[in-house]
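Visitor: with the sequence up front, the predicted model follows.
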Amino acid sequence: MNPGHHVVGCTAAVVAGLVVAVGVSPAGASAARPVKGARYADTDFAAWAYLRVSRSGRWLNPRRSEISMSGAECGGPDLRVGSRRRPVRIRRSGRFRFVKRRGAFVFRLRGRFASRNRADVKFRYRREPRRAGGRRHCDDTGRWRLSPRRIYRIPFRNCGTHKAHTVLRTATGRVFWQAQWDDNDGWMTIAYACLFSANKRVRLHQDEDDDSDLSLFRLAGPYVAYAWHPCAEGCQGEDVEVKDLRDGRVARHAGYGAGGHDGAVSDLELKPNASVGVIALGDPYAPRLVPEVWAYDTLGARPLDRGNISRSSLELNGSTLSWLKDGFPHSAALR
């Protein structure tokens, strides 16, 4: 690997100008006061929680606070948390609770603000009392637990100090993750990159999978390169994309579905002129994966080697791209 690569970490936390505190506090941890007027949200795509704190910080705003279970198997209700006459009080400890009856069903919610930036909520919607003869299907939507996180915007001012989770940092620039709330899709993780000299944030792609759609970030010259799945879940291959961090344009798009390598990318090297070399794992539908080395440079897309290639052995020294095959070094020029 190029010694200039310095991977600092790779977990999603905080996005597109939005920063959030993540994690679940241990049971019994002390609660906290929320931010006055702030909005908190979370979803597991079957249930949603929106909490809006009043301007005084003493209540949940009943017009903006809602629990939705419409995605649950039995189609639970959408409920406002509290009402104008009886808003839900936030205690000094940061805890709150709400109970609402709808016919034979009762909705019960308990919550607390674990920090200024996150709340923990538990809720349940079920028939009370239970029917004679035992529980029947849809008498209970089950127990739900969500951790609504605070949504707030932090302007991008400085590439080096912008508050976000750094994935890669070199002498010339930085790649970082941020989380962004979308009212239709919930929390999304998005990768950005920037040059210290240009001090401009460039959006790369949205990560749509728990195991990450984006990987192998590289910075060289004014460019960033990375591998990514062109579709969410179930993709059998990965593309390689190179973006110019001075203006955000795509300088190179190569690989799966673009007249190049097959399969997932296991290693990647970037040259300061936007040329890239990759090791890919080959046709995912073949009986046996056969790794390949490809170059995408000024000569176009071209295969360099295939066979028993070490999957993470790619190195770039100037214009010489090298790798290990059958334990022995091989090389070619990257134009």
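Guide: Nice, thanks for sending it over. Residues are numbered from 1 along each chain as shown.
Visitor: what's across from the residue positioned nearest the centre of the chain in the sheet?
Guide: For the chain, residue 189 is the residue whose C-alpha lies nearest the centre (Cα atoms, centre = their mean; 2.4 Å). Note on residue 189: beta-bridge partners by DSSP bridges are residue 179, residue 207.
Visitor: quick check: it touching residue 177?
Guide: Yes. If you go by Cβ atoms under 8 Å, residue 189 and residue 177 touch, sitting 5.7 Å apart. The way it works is simple: take the backbone N, C-alpha and C, and place the C-beta from them, glycine included.
Visitor: domains for this structure, by residue range?
Guide: 39-151, 165-333 (automatic domain parsing).
Visitor: now render the ones you listed as CSV, adding distance to residue 32 and mean pLDDT.
Guide: Output for the domains of the chain, formatted as CSV (distance: least, Cβ to Cβ, whole Å; pLDDT from 0 to 100):
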stretch, distance to residue 32, mean pLDDT
domain 39-151, 5, 92
domain 165-333, 20, 91
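Visitor: count of neighbours near the residue lying closest to residue 316 once chain neighbours are set aside?
Guide: In space, and not counting its chain neighbours, residue 316 is closest to residue 269: 4.0 Å by Cβ to Cβ, 6 or more residues apart in numbering. Neighbour count of residue 269, defined by other Cβ atoms under 10 Å: 25.
Visitor: helices or strands next to the one helix or strand residue 269 maps to in the packing?
Guide: With elements delineated by DSSP states H and E, residue 269 resides in strand 265-270, which encompasses its position. In this structure, strand 265-270 packs against strand 214-220, strand 223-228, strand 239-244, strand 276-280, strand 315-317, with contacts taken as 3 or more Cβ pairs under 8 Å, 6 or more residues apart in numbering; DSSP states H and E.
Visitor: so which of the ones you listed is the most packed in?
Guide: strand 276-280 (a mean of 28; mean count of other Cβ atoms under 10 Å).
Visitor: quick check on residue 197: phi, psi?
Guide: When read as degrees, to the nearest 10, the backbone of residue 197 gives phi -70, psi -40.
Visitor: that one: neighbour count?
Guide: Residues lying near residue 197 (other Cβ under 10 Å) number 12.
Visitor: any idea how far the residue lying closest to it once chain neighbours are set aside is from residue 297?
Guide: Closest residue to residue 197 apart from its sequence neighbours, by Cβ to Cβ, 6+ apart: residue 172 at 7.3 Å. Distance, residue 172 to residue 297, by Cβ to Cβ, to the nearest Å: 21 Å.
Visitor: same question, residue 36
Guide: 56 Å.
Visitor: who's more crowded, those two?
Guide: Higher neighbour count among residue 36 and residue 297: residue 297, with 21 against 11, using other Cβ under 10 Å.
Visitor: does the more buried one really touch residue 275, like I thought?
Guide: Yes. Using Cβ under 8 Å, residue 297 and residue 275 qualify as a contacting pair, with a distance of 3.6 Å.
Visitor: mind listing the shared neighbours of the two?
Guide: Taking Cβ atoms under 8 Å, 6 or more residues apart in numbering as the contact rule, residue 297 and residue 275 both touch 334-335.
Visitor: alpha carbons only: can I get stretch 293-310 in CSV?
Guide: Output of stretch 293-310 as CSV, limited to C-alpha atoms (Å, rounded to 0.1, in the frame of the first residue of the first chain):
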residue,chain,number,x,y,z
VAL,A,293,-5.3,-6.3,-11.8
TRP,A,294,-6.7,-3.4,-13.9
ALA,A,295,-5.4,0.0,-14.9
TYR,A,296,-7.6,3.0,-15.6
ASP,A,297,-5.4,5.7,-17.0
THR,A,298,-4.6,7.9,-20.0
LEU,A,299,-4.5,4.7,-22.1
GLY,A,300,-8.1,3.7,-21.1
ALA,A,301,-9.3,0.7,-19.2
ARG,A,302,-7.0,-2.3,-19.5
PRO,A,303,-6.4,-5.6,-17.7
LEU,A,304,-2.8,-6.1,-16.4
ASP,A,305,-2.9,-9.5,-14.8
ARG,A,306,-5.0,-12.2,-13.3
GLY,A,307,-4.6,-15.4,-11.3
ASN,A,308,-3.3,-16.1,-7.8
ILE,A,309,-2.8,-12.4,-6.9
SER,A,310,-2.5,-11.3,-3.3
